[in-house]
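Q: Provide a 3D model corresponding to the input given below.
(chains A and B)
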Amino acid sequence: MRERWPLIVFAVLVAAIPFIPGVPPFWIVLLDNIGLSALVAMGLVLLTGVGGLTSFGQAAFVGFGAYTTAVLSAQYGVSPWLTLPLSLLVSGLAAVLLGLVTVRLSGHYLPLGTLAWGLGLYYLFSKLAFLGRNDGISGIPPLSIGSLKMLDPGTIYFAIWAAVLIAALLTMNLLDSRTGRAIRALRRGHIAAEAFGVYSPRAKLLVFIYAAVLAGLSGWLYAHFTRAVNPTPFGAQAGIEYLFVAVVGGAGYVWGGVLGAAIVVILKEVLQSYLPLLLHGEGQLETIVFGILLVTLLQLAPTGLWPWLTARLPFKPLAKKPDTSIALPARARSASAPSVLLQVDNARKQFGGVVAVNNVSFDVQAREIVALIGPNGAGKSTTFNLITGVLPPTSGNISVLGKAVGNAPPQDVVKLGISRTFQHVKLVPDMTVLENVAIGAHLRGHSNALSSMFRLDRGDEAKLLAEAARQIERVGLGDQMHQLAGSLSLGQQRIVEIARALCVDPMLLLLDEPAAGLRHMEKQRLGALLRDLRAGGMSVLLVEHDMGFVMDLADRIVVLDFGTKIAEGTPAAIKTNPEVIKAYLGATA
Amino acid sequence: MNTTILLFLLQDGITNGAIYALLGLALVLVFAVTRVILIPQGEFVTYGALTYASLAAGRMPGTAKLAVVMGLIAFAFDLYAMRKTLHVPKIARTFGLNMVFPVIVLLASLWAADQRMPAGVSLVLSLLIVASIGLSLYRIVFQPLAHTSVLVLLIASVGVHLALQGLGLLFFGAEGQRGPTLLTASATLGSLRFTGQGMAVYGITIAFIVGLWLFFGLTLYGKALRATAVNRLGARLVGIRTTLSGQIAFLLASTIGALSGILIVPITTLYYDTGFLIGLKGFIAAIIGGLISYPLTAVAALVVGIVEAFSSFYASNFKEVIVFTLLIPVLLLRSLAAPAVEEEKD
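A: Numbering: from 1, shown residues only, chains lettered A, B, ... in the order given. Below you'll find the predicted structure:
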């Protein structure tokens, strides 16, 4: 409950404002507009700031919400309270349709795509006869509870701000959950999250719909606030402005959306009322100043104002240590497990004419540490990607416990009990070590987005965090648990990746250069940890360049050179193998 | 529909499509080199067109003054950046580029507006004015942000669009303008009439496409630009000044934008905010081309122009809806064909 105090204080303040004597009614109108804009911006925070999907088209979803209720309540006399779910549904459905097309787009296609359909929908709103063309629809009834009609800005104020506060609460709950971590991992690329069972297209579609529903809610409120709708507020300009609101406030922060809305709405008002007096000019002076301010802000504070403000707060939010006594059920391991855990049989990978992995075969037995070594470009990381399903093999078979993996995606491979780390560390730098590691336990939790939003996931969540905390302590990073992953040294980040992989409760651990960047003592500790894991029944397949480390640790070594296996055997045999010496030293020594 | 209408619509579509192709090429160029998605490209179009129309009508365009003010700010930025190492030749260069050049252009336009010069002189002056604005724009807005993400650059680009559009209203007023044609000759072939202006549009578009192709394929600067596009850091390490690449890209884009505007302003009336829509259609072409491919962009632009011509004939109310939804199937195809490569972001 303690972390909710700021929200409660803010809610009380917001509720008190209309009762302060002497508050000009005009301020209340401004606050209404801030609330409406904040709702859309909050969706954008989740979509753009957190999920990394930039949308210029949110205004169109506001339009869906507003027009749905306008048509139904003004023309068919349906009660506004009945049109609320319908407005949200229509925005949500529109988001599903557009999202299926849009969210798979990468990088810059996405914002441009949203800009294009945003414009298309705006023109559609302004041309359709049943939406009143450019004139729009008027005579929308006000919201009413019993005999109380929310006719003036002062009464609908409560509806708007209740919506804002509830949306903020639900959004924060969502972000602080299993689904939330999956969403927060999206912005940093999909490979790491997918290696732990996150379906990133699904997660992207989820935030897309969530943002659209919030926009639809804003549209529904807007229609009953102004009691008339026309296409103008749902055009491209508005879509751009919503994004601006989110960026000004701080696109990565829920309250950044609210702060941004306050700044932009008030600034626009001030510019519109004072600039013409100041410059005696005609025309859109405020857009000129607006544009220039936007560029200046980006140059000075590209992450927005909210993080800038919170960094200056005298107190820091308390981090709670998870209770590590709660346990997750372990993976069922049959006592009579076959001795061959992983079988790579004639695996081949071609990129055009380049053969990266050339018919390589080897196996990993239960309770065994196998090292995959070879000079740079030998195909070691590609082999890892074949085993974990990141890349489909051109030909050949890979099977786990006798079951062929085929072309299974990474999300399915991890379910078989294979987890991995990456050669280039793939952590989310602005999440804590604990949150990063908890992504590893993604598949061992079951709560969905809805239950997270309403905090019905706490039991499940406590177990996931407990598991993450246990693995962090196991790898010896207990003191860094609440630090941001990006603030750790590269060596420590590699260890965090190992903890994350251990959260899967794997049977086989794939480590891609785990010792790179570690100091001598850290390497010794890593070696001890891996031996410990082997003793506990786990197998390890590792790629490593530190020969001392490998020779000391591995039971068996597989040597690749130019994609082809040139040797396999015990460390002692590999040390004296002439082929291996030739590959490494380039001479017939 | 009879053949005459069909041919007429095709011709109209190809003329517009050629303009979109020019804009699409400029957008691809700027994105490839600087990662900026150039929303204000549309403002270059209107600035070029309306500056040309104003000069031809004997009015002094406000854009010439804007060029001087922006040059001044760019010069101040340069001076501030060089405050530790005051290097005289460098200062002289930036002074010449950012101060002397726009001031000379301003004086020339003052003189030309008085004299009622032929269309060719107005054309050259308009191009110089907008080119100067484009150059300063890169220095003031985008060079300081060169290291940031595509998203930040995109939003900055939107900010520039808003500011420039507002300034456009200030300079040219809310009324539309038309400019004099460049070529008055015309020829008829069957039922089709080929105007000199239309021929100028085709000729200049083709010349630019070939020119850009030669520039990137054969010249050292062109290759340097391509290198910057592929890998900024790598380009710097081999001694390419990425700032220079950015300047060249913006110079080319603003010139191309202004030229497109000058080409269409004799055909259609342009308003201070028309450029945005025209630029967006260039965008659709550029997106279809994947923001990478010049030939694909040019072909896509022609398709956009033709679709627009036909939909304005059959369903003029839904012209814009049709043109913008054209993008959806393209995006769908692009997403199905999207490679599963990991992008390193931020």
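Q: any idea which element residue 10 lies in?
A: Went with chain A since none was named. helix A:5-16 (DSSP states H and E).
Q: my bad, chain B
A: Here residue B:10 sits within helix B:3-34, counting by DSSP H and E.
Q: And that helix, what does it pack against?
A: Helix B:3-34 is packed against helix B:41-56, strand B:192-195, helix B:196-218, helix B:220-230, helix B:242-264, helix B:274-288, helix B:294-314, with contacts defined by 3 or more C-beta pairs under 8 Å, 6 or more residues apart in numbering or on different chains; DSSP states H and E. Backbone N, C-alpha and C define where each C-beta goes, glycine included.
Q: In the helix holding residue A:10, which residues are buried?
A: Going by neighbour count (16 or more other C-beta atoms under 10 Å in any protein chain shown), the buried part of helix A:5-16 is A:10-11, A:14.
Q: Spatially, what comes nearest to residue 123 if we skip its sequence neighbours?
A: Just going to use chain A. Take residue A:123 and drop its neighbours on the chain: the residue closest to it by C-beta to C-beta, 6 or more residues apart in numbering or on different chains is residue B:320, 4.2 Å away.
Q: The chain in question should be chain B.
A: residue B:262 (5.7 Å).
Q: sorry, back to before: what count of nearby residues applies to the residue nearest to residue A:123?
A: Here the number of neighbours of residue B:320 (other C-beta atoms under 10 Å in any protein chain shown) works out to 22.
Q: Run through who's touching the strand or helix carrying it.
A: Assessed by DSSP H and E, residue B:320 sits inside helix B:319-325. For helix B:319-325, contacts defined as C-beta atoms under 8 Å, 6 or more residues apart in numbering or on different chains pick out A:116-117, A:119-120, A:123-124, A:127, B:277, B:280-281, B:284, B:304, B:307-308, B:311-312, B:315.
Q: which of the residues you listed count as buried?
A: A:116-117, A:119-120, A:123-124, A:127, B:277, B:280-281, B:284, B:304, B:307-308, B:311-312.
Q: List the residues that contact residue B:304.
A: Counting by C-beta under 8 Å, 6+ apart, residue B:304 touches B:17, B:20, B:281, B:284-285, B:288, B:323, B:326.
Q: What sits closest to the residue in the stretch 301-450 of chain A that chain B sits nearest to if chain neighbours are left out?
A: For the stretch 301-450 of chain A, the residue closest to chain B is residue A:302, as judged by C-beta to the nearest C-beta, at 5.3 Å. Distance criterion C-beta to C-beta, 6+ apart; nearest residue to residue A:302, sequence neighbours excluded, is residue B:152 at 5.3 Å.
Q: same for the host helix or strand of that neighbour, what does it pack against?
A: For residue B:152, the element it lies in under DSSP H and E is helix B:150-172. Applying 3+ C-beta pairs under 8 Å, 6+ apart, one finds that helix B:150-172 makes contact with helix A:236-249, helix A:285-300, helix B:41-56, helix B:62-81, helix B:274-288.
Q: Helix or strand for residue A:355, just tell me which one.
A: strand A:354-365.
Q: before we move on, back to that, most tightly packed of the helices and strands packed on helix B:3-34?
A: helix B:41-56 (a mean of 30; mean count of other C-beta atoms under 10 Å in any protein chain shown).
Q: which SSE is the closest residue to residue A:301 other than its chain neighbours in?
A: Excluding the flanking residues, the one nearest residue A:301 by C-beta to C-beta, 6+ apart is residue A:308, at 5.6 Å. Secondary structure assignment for residue A:308, by DSSP H and E: helix A:305-310.
Q: Can you tell me what sits against that helix?
A: A:248-250, A:252-253, A:255-256, A:259-260, A:263, A:301.
Q: List the buried residues of it.
A: A:305-307.
Q: go on, stretch B:158-176?
A: Buried-residue list, stretch B:158-176, by 16+ other C-beta under 10 Å: B:158-172.
Q: Please enumerate residues in contact with stretch A:13-27?
A: By C-beta under 8 Å, 6+ apart, stretch A:13-27 touches A:28, A:31, A:152-154, A:157-158, A:161, A:165.
Q: quick check, nearest of these to chain B?
A: For those, the residue nearest chain B by C-beta to the nearest C-beta is residue A:31; the value is 24.9 Å.
Q: Kindly indicate which of the contacts of helix A:305-310 lies nearest chain B.
A: For these, the nearest to chain B is residue A:248 (9.7 Å; C-beta to the nearest C-beta).
Q: Just give the nearest non-adjacent residue to the closest one, would you?
A: Residue A:248's closest residue in space is residue A:260 (C-beta to C-beta, 6+ apart), at 4.2 Å.
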